[in-house]
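# Sharing a model that was predicted from the sequence below.
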Amino acid sequence: DFAEAVRPGLEWLAEDPGRPAFLFLHTYQVHHPYTPEADLLRIFDGGYEGPLPGLISKELLNSINRGEVVIDERDLDHIKAAYDAEIRSVDEAFGQLAEGLEAMGLAGNTLLIFTSDHGEEFGEHGWWGWHSHTLFDELLRVPLVVKLPGGRAAGDRVTAQVRLTDLVPTVLDRVGLPAPGELDGRSFLPLLDGP
């Protein structure tokens with residue numbers, strides 16, 4: 001539950017909101033198993049009456065991928081709905097983080113980054129609710145949302161490809177520190193100033 005990470009993170013920042021800080025919050029919530037709250041699942045999957053449970057376990061996904069459990073399109077939609085409900089829950093917790101930063105007066109000078117390490121495949125190439133086995137876009141193209149201090153480039157969309165290895169150099173660039181030469185990535189802040 002990402003909210004369980006957000007709460008102590010905000011408490012830690014509130015201890016001394018004037019000091020420079022780096023806060024990394026991590027979650028496996030949008031990862032199998034998909035265990036959404038029932039009220040969120042209903043938003044995305046109202047009325048499903050198929051054989052699959054509301055909680056999609058890793059074992060169930062393994063059984064589907066091995067062909068031991070056969071699913072149809074409605075079952076696949078149910079699995080996707082469980083995934084989407086988990087995303088919704090993380091989104092709500094991320095909103096709490098943003099509101100907490102605003103309430104402490106930190107939002108204006110905070111570099112806030114939201115991303116993921118991988119996506120999931122939902123039948124596009126024969127696997128259901130899985131990752132780490134191919135290099136197709138559904139696994140590689142992940143969300144990357146960056147809020148820069150002062151609202152710089154607010155609402156802009158960078159169309160150039162950036163990589164997760166670019167995050168550390170970007171953060172270092174933003175705070176004015178040199179990136180060690182052994183890093184693979186490079187800052188993507190210059191992409192916000194030009195084509």
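It's in.
# any idea how far the most far-flung residue of the chain relative to its centre lies from residue 61?
Within the chain, the residue lying farthest from the chain centre (Cα atoms, centre = their mean) is residue 68, at 30.4 Å. For residue 68, the distance to residue 61 equals 11 Å [Cβ to Cβ, to the nearest Å]. C-beta coordinates here come from the backbone N, C-alpha and C atoms, glycine included.
# worst-scoring helix or strand of this protein, pLDDT-wise?
strand 128-130 (a mean of 86; mean pLDDT, DSSP states H and E).
# Partner strands of that strand, with direction?
Here strand 128-130 is paired, per DSSP bridges, with strand 121-122 (antiparallel).
# And stretch 101-111, what's buried?
101, 106-107, 110 (16 or more other Cβ atoms under 10 Å).
# out of those residues, which are inside strands?
Under the assignment DSSP state E, the buried residues of stretch 101-111 contribute nothing to strands.
# Keep only those of the residues you listed that are in helices.
Secondary structure from DSSP state H places residue 101 of the buried residues of stretch 101-111 in helices.
# And the strands in the chain, which stretches?
Here the chain has its strands, by DSSP E, at 112-115, 121-122, 128-130, 144-147.
# Can you say which of these is packed in most?
Burial of the strands of the chain is given as mean neighbour count (mean count of other Cβ atoms under 10 Å); strand 128-130 ranks first at a mean of 23.
# can you list contacts of that strand?
Strand 128-130 is contacted by residues 32, 34, 56, 61, 64-65, 71, 76, 79, 83, 120-122 when judged by Cβ atoms under 8 Å, 6 or more residues apart in numbering.
# just stretch 76-94 next, same as before
With contact meaning Cβ under 8 Å, 6+ apart, stretch 76-94 is reached by 1-3, 5-6, 27, 29-30, 34-37, 40-41, 43-45, 48, 50, 52, 54-56, 61, 71, 114, 120, 122-123, 128-129.
# swap in stretch 56-63?
Under the contact criterion Cβ under 8 Å, 6+ apart, stretch 56-63 has outside partners 32-35, 52-53, 69, 79, 82-83, 128-130.
# Out of those residues, which end up buried?
32, 34-35, 52, 69, 79, 82-83, 128-130.
# List just the nearest of those residues to residue 147.
Of all these, residue 147 sits closest to residue 83, with 24.8 Å by Cβ to Cβ.
# Which pLDDT value goes with that closest one?
Looking at residue 83, its pLDDT is 95.
# Roughly how far does it sit from residue 75?
In terms of Cβ to Cβ, residue 83 sits 13 Å off from residue 75.
# Residue 106 is in contact with residue 14, correct?
No - using Cβ atoms under 8 Å, residue 14 is not in contact with residue 106, being 9.4 Å away.
# mind showing which ranges of the chain have poor pLDDT?
194-195 (pLDDT under 70).
# 80 - rerun?
Applying pLDDT under 80 to the chain picks out residues 46, 193-195.
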